[in-house]
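Q: Need a 3D model of the sequence below.
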Amino acid sequence: MILRRLRAFRDRNRPDHIFPGLTRGRAGELRTELRRSLAEKGATVRFDGRHAIIDHPHRGRVTVNMENLIGDVAGSQHPKAPRTLARAFVSAVLDGEHAEDLGTAGLYAGLRLRIVPTGGLAADEADIISSATLHSFTDDTVVTLVLDTERSIQTMPLERLRDVDDLDTLVRAARNNLREELLGTIPDTRSHPGSEIRPGAHFRSFESGSYYVASAPVLLEEVLRAWAPDLDQSRGILFAIPTRHILLARGITTGEDLLEGLGRLAPVAAQIAAESSHSVSPLLHMWHEGEIATLSSFDAEAGQLKITPTPYLMELIARG
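A: Got it, this is the predicted structure:
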């Protein structure tokens with residue numbers, strides 16, 4: 001018993017690697033106080049690194065960067081700092097400036113298109129996503145509209161936006177803003193070669209701290225021309241967005257090379273998504289002539305992955 005308490009005490013005083021400057025104990029207190037303060041306002045929260053994803057029945061979904069809050073708590077010696085600062089933070093987020101408080105120019109500048117998952121959502125989450133959905137994208141994702149401001153990223157119900165302007169006009173602005181966001185991002189780009197036995201099992205990964213990397217497939221052809229100008233897109237692209245910060249991609253080839261590529265990318269995507277706390281899609285998808293098709297299915301509980309190539313891919317595989 002004494003040894004267990006000693007270990008617990010030591011763990012509590014070790015540095016928290018996600019909340020820099022705080023011990024594990026202090027970081028745990030801050031998370032607890034944020035949950036408590038948000039619950040008092042009818043909201044729930046999930047933590048994604050140094051971001052808080054807040055679901056509120058009236059405000060919708062808001063994603064907030066907590067770096068300044070973490071720094072303020074780390075710089076305070078007051079024992080009640082986590083509670084006091086968490087309450088102030090929650091009030092600023094939920095009671096501060098929101099879409100209805102922005103001018104038209106500010107709203108247009110903040111709009112973005114964003115790909116989000118549709119599976120595994122609680123009822124309230126599903127309602128929030130549904131209210132902001134423009135159209136389905138893959139078998140397990142949809143494209144939504146969000147408002148990205150200095151303080152937060154807010155999922156925007158389409159009905160609220162229709163009061164501002166014509167929806168098509170707003171979508172064009174959101175698409176242009178997403179394009180600017182992605183083309184201004186310099187991702188960590190890596191080539192993953194195949195093996196001597198399976199040379200076709202190669203692909204590339206693109207990773208960044210940007211919240212919009214997984215939304216790159218909205219503009220996939222254009223974004224990959226900027227991020228990987230030598231990638232051959234002539235037959236289409238195999239891609240996966242296992243987490244919001246990662247894009248996997250590979251040009252479509254023929255014969256055994258293509259078969260090996262399918263066999264490599266699909267399980268890699270499923271594994272990354274399964275190991276992530278902020279997954280988007282564990283599935284493999286294809287872009288071809290502006291159309292998107294989902295090529296795999298994944299049963300996480302059974303650990304079963306199935307790949308179903310389209311007739312187009314089957315024809316390319318058969319060419320040898």
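
Q: which other helices and strands contact the helix or strand harbouring E180?
A: Per DSSP states H and E, E180 falls inside helix 167-183. Applying 3 or more Cβ pairs under 8 Å, 6 or more residues apart in numbering; DSSP states H and E, one finds that helix 167-183 contacts helix 104-110, strand 111-117, strand 141-148, helix 158-162, helix 220-227. Where you see a C-beta, it was placed from the backbone N, CA and C, and this is true even at glycine.

Q: residues making contact with whichever helix or strand comes after that helix?
A: Moving toward the C-terminus from helix 167-183, the next helix or strand (DSSP H and E) is strand 188-192. Under the criterion Cβ atoms under 8 Å, 6 or more residues apart in numbering, residues H202, F203, R204, S205, F206, E207, S208, W227, A228 lie in contact with strand 188-192.

Q: what is the orientation angle of the helix holding E180 with helix 220-227?
A: Angle, helix 167-183 to helix 220-227, by axes from the mean of the first three to the mean of the last three Cα atoms, to 10 degrees: 30 degrees.

Q: just how off-centre is helix 167-183 within its chain?
A: With Cα atoms, centre = their mean, to the nearest Å as the basis, helix 167-183 stands 17 Å off its chain's centre.

Q: again with stretch 303-311
A: Distance of stretch 303-311 from its chain centroid, counting by Cα atoms, centre = their mean, is 24 Å.

Q: swap in stretch 312-320?
A: 33 Å.

Q: can you check stretch 201-221 too?
A: 11 Å.

Q: need the contact list for N13.
A: Contact partners of N13, counting by Cβ under 8 Å, 6+ apart, are T23, R24, G25.

Q: Please repeat the previous calculation with a cut-off of 6 Å.
A: With contact set as Cβ atoms under 6 Å, 6 or more residues apart in numbering, N13 has these partners: T23.

Q: Give me the local confidence score for it.
A: Confidence at N13, expressed as pLDDT, is 81.

Q: Quick check: it vs L30, distance?
A: 15 Å (Cβ to Cβ, to the nearest Å).

Q: before we move on, what about P199?
A: Distance of P199 to L30, given as Cβ to Cβ: 49 Å.

Q: got it, and V213?
A: From V213 to L30 the distance is 27 Å (Cβ to Cβ).

Q: ditto for A240
A: 34 Å.

Q: Between the two, which has more neighbouring residues?
A: Legend: neighbour count by other Cβ atoms under 10 Å for A240 and L30, higher for A240 (30 against 25).

Q: Just want the angle from the helix or strand harbouring that one to strand 141-148.
A: Assigned by DSSP H and E, A240 belongs to strand 237-243. Here strand 237-243 runs at an angle of 60 degrees relative to strand 141-148 (the same axes, to 10 degrees).
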